[in-house]
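Novice: Starting from these lines, generate the structure:
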Amino acid sequence: MEKTIITSFFTTINKDIFLRYISSMTYRLPFLRTWKEISKLEQNILEYISPFNHKNKKIISFYNARSALYHSLKMFDIKYGDEVIVQAYTCISVVNAILQTWAIPVYVDIEEWSLNINPKLLERKITSKTKAIILQHTFWNPREIEEILKIAKQNNIYILEDCAHSIWAEYKWVKLGNFWDMAIFSFWRDKVISSVNWWFMIINNSKFFDKIPEIKKELKLAPINLVLKNLVYIKISFFAKLTYDFFSFWKVLMFVSRKLKIIPEVLFASEKACADKTFFYAYPNSLAYIWLKEFSKIDFYNEHRIKLANFYRENLSDFQWVENNSQNKNIYLRCTYFFKYSDELMAFMKANWVLLGDWYRQVIAPKNVNYEKALYKNWSCLVAEKLASMTVNLPNHIDITENEAKKVVDLIWKFYFEV
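Specialist: Down below sits the predicted model:
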């Protein structure tokens, strides 16, 4: 059977990484509850993002997204009845974090093709209850910052910079995460590099430093069984990738692993229903060990993504993709295009052994989110709804060769010639 071209489901899982995970699961297990690797990791991150100013910043590591977002909002003293502005075309984890502070998410539509919040519409949504704006840099594409900053200052509103998709991306040659009082980043299983889970908050404003001990005190040590599930996940994913073309054995492997609860879920049904209970875990040390081993490869991974993104742009110039500012340094975590007949295209590609990505094909991702509980009204953000229905991510991860990217391009053209 011909090798399948897959997207970022198994983005960073190769033999080298697999062996590192093996080592982390064996001789690192006695040290799961220490902080040695985490301290190294946090120092490396601060120095990389802010090489000239890292001593004036603080960092806190979290196990999952919602915890990082929730505690960032709590730093701003968000409470019951407050409003937090967030763009449509986002993730349910962001919305859940807002709801858990008992605040109200207020959705703002995005700009055509940029996938980032529309500042003109933003001003209309600000009220006396607005306390914060979550500024998302979608997929890798930095939002033009000055206009948003001006609006926030005029209205005395905090901004939380959401860099989950865009670590190492730059705006006007400055790395994201340096522009606001606070920023969050992610090394979750499908990000630039992965340690299965890890989110962190960078605090740029010293007025929030005295709240750090309180937050760290609230974070619990992750249970050993949860840490083991993360370590097992990468091994099962590795074998799933090896068997991807073997009569769909990988589907059976992943299904059984989830049913037996030996790997962590991506999202629980309760999270999609905006009814999940709060849990706040600190980042496990064994996962930090893995990240430290991957850190040296970040530039190599990003260069590969950029190379393939440029290849797609040159060969699919007739199709619309995410617009970006020439002053930005983009990392192309997702190579995102907007196609008519996108459902049919994805089915055609799958029939030809090419699986395209579906980040984000809903206004609030992933599928089956309860919009009513998320307080989102259909038809309220028309641009986001239109683009979500057209969004397709082309494969550009480290395991995709230029010849395979050429196959993707050829099949896309074949599909549209036949339509």
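Novice: Pull the number of nearby residues for residue 358.
Specialist: By the other Cβ atoms under 10 Å criterion, the neighbourhood of residue 358 contains 17 residues. No exception for glycine: its C-beta is placed from N, CA and C like everyone else's.
Novice: Now it: phi and psi?
Specialist: As for residue 358, its main-chain torsions (degrees, to the nearest 10) stand at phi -120, psi 30.
Novice: so what's it up against?
Specialist: Shown here is residue 358, whose contacts under the criterion Cβ atoms under 8 Å, 6 or more residues apart in numbering are 346, 391, 392, 393.
Novice: Kindly report the same for residue 170.
Specialist: Taking Cβ under 8 Å, 6+ apart, we find residue 170 in contact with 142, 176, 328, 329.
Novice: and what of residue 364?
Specialist: Under the criterion of Cβ under 8 Å, 6+ apart, the neighbours of residue 364 are 88, 90, 91, 92, 95, 371, 374, 376.
Novice: three-state assignment of residue 236?
Specialist: Of the three states, residue 236 takes helix according to DSSP: H, G, I helix; E, B strand; the rest coil.
Novice: Show only the entries of the contacts of residue 170 found in strands.
Specialist: Counting by DSSP state E, the part of the contacts of residue 170 found in strands is 328, 329.
Novice: hmm, back to that, between the contacts of residue 364, which is nearest residue 267?
Specialist: Closest approach between the contacts of residue 364 and residue 267, by Cβ to Cβ: residue 92, at 6.9 Å.
Novice: Excluding residues flanking it in the chain, which one is nearest the closest one?
Specialist: Distance criterion Cβ to Cβ, 6 or more residues apart in numbering; nearest residue to residue 92, sequence neighbours excluded, is residue 369 at 5.0 Å.
Novice: I'd say that neighbour and residue 360 touch.
Specialist: No: using Cβ atoms under 8 Å, residue 369 is not in contact with residue 360, being 10.5 Å away.
Novice: Where do the domain boundaries of the chain fall?
Specialist: 23-218, 296-418 (automatic domain parsing).
Novice: Looking at the ones you listed, which is nearest to residue 268?
Specialist: Using Cβ to Cβ and comparing the domains of the chain, the one that lies nearest residue 268 is domain 23-218, at 10.6 Å.
Novice: Can you show me the helices along the stretch 201-350 of the chain?
Specialist: Taking DSSP state H, counting those that start in this stretch to define them, one finds helices in the stretch 201-350 of the chain at 212-218, 224-242, 249-259, 269-272, 285-294, 298-315, 342-351.
Novice: how about the strands in the stretch 51-200 of the chain?
Specialist: Along the stretch 51-200 of the chain, the stretches classed as strands by DSSP state E, counting those that start in this stretch are 58-62, 83-87, 90-91, 104-108, 130-136, 158-162, 170-171, 174-175, 182-186, 199-203.
Novice: In a markdown table: those, plus mean pLDDT.
Specialist: What follows is these, written out as a markdown table (pLDDT from 0 to 100):
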| stretch | mean pLDDT |
| --- | --- |
| strand 58-62 | 94 |
| strand 83-87 | 97 |
| strand 90-91 | 94 |
| strand 104-108 | 98 |
| strand 130-136 | 96 |
| strand 158-162 | 94 |
| strand 170-171 | 88 |
| strand 174-175 | 89 |
| strand 182-186 | 93 |
| strand 199-203 | 93 |
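Novice: sorry, back to before: among the contacts of residue 364, which two are most distant?
Specialist: For the contacts of residue 364, with distances taken as Cβ to Cβ, the pair at the greatest spread is 91 and 371 (13.7 Å).
Novice: So for residue 75, which of the strands of the stretch 51-200 of the chain sits nearest?
Specialist: The minimum distance between residue 75 and those falls on strand 182-186, with 6.3 Å, by Cβ to Cβ.
Novice: and the domains of the chain as JSON lines, adding distance to residue 227?
Specialist: Written out in JSON lines, the entries for these read as follows (distance: least, Cβ to Cβ, whole Å):
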{"stretch": "domain 23-218", "distance to residue 227": "5"}
{"stretch": "domain 296-418", "distance to residue 227": "23"}
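Novice: Could you say which of those is packed most deeply?
Specialist: With neighbours defined as mean count of other Cβ atoms under 10 Å, the domains of the chain peak in mean count at domain 23-218, which reaches a mean of 20.
Novice: before we move on, back to that, what's near enough to touch the residue nearest to residue 92?
Specialist: Per Cβ under 8 Å, 6+ apart, neighbours of residue 369: 92, 272, 274, 362.
Novice: Distance from the chain centre to stretch 322-333, please.
Specialist: Between the mean C-alpha point of stretch 322-333 and the mean C-alpha point of its chain there is a distance of 16 Å (Cα atoms, centre = their mean, to the nearest Å).
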